[in-house]
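> Need a 3D model of the following:
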Amino acid sequence: MLQGSKGWCAVADPVETCDALVIGAGPAGLMAADEMSRAGLCVVIAEAKPSPARKFLMAGKSGLNLTKHEDLEAFIAAYDPCPPTMVEALRGFGPEAAIAWAGALGQEVFTGSTGRVFPKAMKASPLLRAWLARLDGQGVTLRRNWRLTGIDDGFTFETPEGVHRLLPAVAVLALGGASWARLGSTGAWRDMIAPLGPVTPFQASNVGLRHTWSSHMERFFGCAVKNIGLKSGDFSSRGEMVISRKGLEGGGIYSVSRGFRTGAPLVVDLMPDWDDARLGQALKRRKTKDSTANFLRKTLRLPPEKIALLMEFARPLPVDLGPALKALKITNAKPAPMDEAISTSGGVSFDALTPALAFKSRPTLFAAGEMLDWDAPTGGYLITGCLATGQLAGRGALSAFAQASQDG
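Presented below is the predicted three-dimensional model:
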């Protein structure tokens with residue numbers, strides 16, 4: 001028996017009733033469970049994998065960028081386009097709230113030179129352990145290896161003990177997007193949810209480019225190309241990228257991936273600190289006896305990896321190197337498969353949901369996290385967005401529970 005706000009959650013295998021059910025134990029689902037259990041509801045979390053928050057832990061391997069310390073309006077502007085409900089979610093849980101949340105779990109943070117915020121531990125596991133301990137203390141029950149198979153007449157799961165059905169008063173879906181399937185985000189829920197409202201097709205977001213390199217590029221695999229400008233379609237950024245065995249990766253690439261996933265080419269400025277006039281004057285000083293490589297290295301101070309990229313994508317080299325140096329078009333490249341993307345756009349349309357993230361066709365069922373149709377770059381926006389929608393959905397479910405209790 002599980003104690004909850006109604007007194008007890010009744011368990012009678014294979015059918016179970018509870019105050020609230022959360023399906024998916026990533027950041028959005030855990031946040032929704034946190035909100036509801038802190039208010040006294042009996043909450044059950046059903047997770048399809050053997051352990052919770054696997055994608056969150058994977059993000060922690062590179063430092064766990066929780067949020068970005070910047071003005072809230074500038075922060076919201078990074079979610080482009082940002083539906084009104086998403087705007088309100090972020091106003092309720094923005095960068096300051098994310099920092100305070102981590103602190104309440106005993107995790108000190110620091111802000112890097114670009115404004116990105118990380119736990120001082122530089123990994124996700126200490127924060128996740130503290131969070132799960134808090135949820136356990138609030139009476140939350142975590143069911144592992146519970147895979148959702150149906151949402152009609154309650155919620156049906158395949159479990160290690162067989163088929164189980166849960167009948168909650170309210171429920172929050174936090175089923176993830178459609179990338180990194182091995183960590184649990186498969187997007188397989190789409191057909192199941194479609195009868196409740198429109199679901200936008202998934203697209204890869206924050207994704208690298210695939211390119212088959214010439215043999216001369218092999219020695220640069222793993223090399224960071226720093227201080228470059230990147231542009232694809234309407235999206236541009238200043239930063240760096242990494243030459244990988246499969247193509248190009250890194251924050252600079254991901255920030256413009258919304259451009260090249262629609263077919264726009266990627267264009268790289270190898271010398272963003274030099275305007276056309278300065279570069280033109282330098283190019284005029286080139287002596288006839290200077291080899292191209294020596295001129296680029298000695299006069300223009302280009303590092304070997306930038307020279308290699310120029311040779312890869314601009315050959316045969318033009319007489320005037322200026323356009324290639326300032327706008328190097330990355331040819332014969334395509335986005336990596338969606339499953340390799342850091343995140344996906346698409347998912348449950350906000351048109352299907354109320355401002356509290358409840359399905360209009362089913363007012364006691366809510367959705368949160370990457371299964372919603374929003375998009376954002378890396379840099380702390382993704383995790384904060386999941387936490388913000390999890391909080392909004394959890395609070396919406398609390399209100400729906402209170403209304404149902406009054407009506408009942």
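> So for the lengthiest helix in the chain, mean pLDDT?
Scanning the chain for the longest helix, with DSSP state H as the assignment, gives helix 381-407. When pLDDT is averaged over helix 381-407, the result is 95.
> now swap in stretch 332-344 and tell me
Averaged over stretch 332-344, pLDDT sits at 94.
> ends of it, how far apart?
Terminal residues of stretch 332-344 lie 23 Å apart, using C-alpha to C-alpha, to the nearest Å.
> Next, the residues that contact that stretch from outside, please.
Outside of stretch 332-344, the residues within contact range by C-beta atoms under 8 Å, 6 or more residues apart in numbering are 177-181, 185, 187, 202-212, 246-248, 254, 257, 260-261, 266, 370, 375-376, 378, 382. C-betas here are computed from N, CA, C, even on glycine.
> change it to 6 Å
Taking C-beta atoms under 6 Å, 6 or more residues apart in numbering as the criterion, the residues outside stretch 332-344 that touch it are 177-179, 181, 202, 204-211, 261, 382.
> Just the buried ones from those?
Neighbour counting over these (16 or more other C-beta atoms under 10 Å) leaves 177-179, 202, 204-211, 261, 382 as the buried ones.
> for these, which one is nearest Tyr79?
Proximity of the buried ones among the contacts of stretch 332-344 to Tyr79 (C-beta to C-beta) peaks at Leu382, which lies at 9.9 Å.
> Next up, the contacts around that closest one.
Shown in contact with Leu382 (C-beta under 6 Å, 6+ apart): Ser343, Ala376.
> same deal with the one 4 residues further on?
Contact partners of Cys386, counting by C-beta under 6 Å, 6+ apart, are Pro27, Ala28, Gly369.
> Rebuild those residues as CSV, extending it with distance to Ala98, neighbour count and secondary structure.
Putting the contacts of Cys386 into CSV (distance: C-beta to C-beta, whole Å; neighbours: other C-beta atoms under 10 Å; DSSP: H, G, I helix; E, B strand; the rest coil) gives the following:
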residue, distance to Ala98, neighbour count, secondary structure
Pro27, 10, 30, helix
Ala28, 13, 32, helix
Gly369, 15, 30, helix
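> doesn't Phe56 make contact with Ala124?
Yes - with contacts defined as C-beta atoms under 6 Å, Ala124 counts as touching Phe56 at a distance of 5.5 Å.
> Which one's more surrounded, the two?
Per other C-beta atoms under 10 Å, whichever of Ala124 and Phe56 has more neighbours is Ala124, with 25 against 21.
> Tell me how far the closest residue to the more buried one other than its chain neighbours lies from Phe118.
Distance criterion C-beta to C-beta, 6 or more residues apart in numbering; nearest residue to Ala124, sequence neighbours excluded, is Gly60 at 2.6 Å. To Phe118, Gly60 is 10 Å away according to C-beta to C-beta, to the nearest Å.
> Likewise for Leu279?
36 Å.
> Counting neighbours around each, name which of the two comes out higher.
Phe118 (21 against 17).
> Identify the residue nearest that one in space, chain neighbours excluded?
Nearest-residue entry for Phe118: Gly63, 5.0 Å, with adjacent residues in sequence omitted and distances by C-beta to C-beta, 6+ apart.
> Which strand or helix spans that neighbour?
Of the helices and strands defined by DSSP states H and E, none includes Gly63.
> residue ranges of the helices in the stretch 1-150 of the chain, please?
Ranges of helices in the stretch 1-150 of the chain, per DSSP state H, counting those that start in this stretch, are 27-38, 54-60, 72-77, 84-92, 95-104, 125-137.
> any idea which of those helices scores lowest on pLDDT?
Lowest mean pLDDT within the helices of the stretch 1-150 of the chain: helix 54-60, at a mean of 92.
> what's the neighbour count on Ile151?
Counted with other C-beta under 10 Å, the burial measure for Ile151 works out to 18 neighbours.
> mind checking which helix or strand the closest residue to it other than its chain neighbours is in?
Using C-beta to C-beta, 6+ apart and skipping the chain neighbours, the partner closest in space to Ile151 is Met192 (6.1 Å). Assigned by DSSP H and E, Met192 falls within helix 190-193.
> Give me the mean pLDDT for that helix.
Helix 190-193 shows a mean pLDDT of 96.
> can you check stretch 144-161 too?
In this model, stretch 144-161 carries a mean pLDDT of 96.
> Pull out the buried positions in that stretch.
Within stretch 144-161, the residues that qualify as buried are Trp146, Leu148, Ile151, Gly154, Phe155, Thr156, Phe157, counting by 16+ other C-beta under 10 Å.
> and if you look at stretch 389-402?
By 16+ other C-beta under 10 Å, the buried positions in stretch 389-402 come out as Thr389, Gly390, Gln391, Leu392, Ala393, Gly394, Arg395, Gly396, Ala397, Leu398, Ala400, Phe401.
> from these, which is closest to Leu21?
Taking C-beta to C-beta as the measure, Leu21 lies nearest Ala397 of the buried residues of stretch 389-402, at 9.4 Å.
> which ones are touching the closest one?
The contact partners of Ala397, taken as C-beta under 6 Å, 6+ apart, are Met36, Val170, Val172, Phe366.
> Apply 7 Å and report the result again.
Remark: with contacts taken as C-beta atoms under 7 Å, 6 or more residues apart in numbering, Ala397 is in contact with Ala20, Ala32, Met36, Val170, Val172, Phe366.
> mind putting those residues in JSON lines, neighbour count and distance to Lys226 included?
Putting these into JSON lines (neighbours: other C-beta atoms under 10 Å; distance: C-beta to C-beta, whole Å) gives the following:
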{"residue": "Ala20", "neighbour count": "31", "distance to Lys226": "48"}
{"residue": "Ala32", "neighbour count": "37", "distance to Lys226": "40"}
{"residue": "Met36", "neighbour count": "28", "distance to Lys226": "45"}
{"residue": "Val170", "neighbour count": "29", "distance to Lys226": "49"}
{"residue": "Val172", "neighbour count": "32", "distance to Lys226": "42"}
{"residue": "Phe366", "neighbour count": "29", "distance to Lys226": "43"}
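> related to what we said a few turns ago, I'd like the buried residues of stretch 144-161 as a markdown table, with secondary structure appended.
Formatted as a markdown table, the entries for the buried residues of stretch 144-161 read as follows, by DSSP: H, G, I helix; E, B strand; the rest coil:
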| residue | secondary structure |
| --- | --- |
| Trp146 | coil |
| Leu148 | strand |
| Ile151 | coil |
| Gly154 | coil |
| Phe155 | strand |
| Thr156 | strand |
| Phe157 | strand |
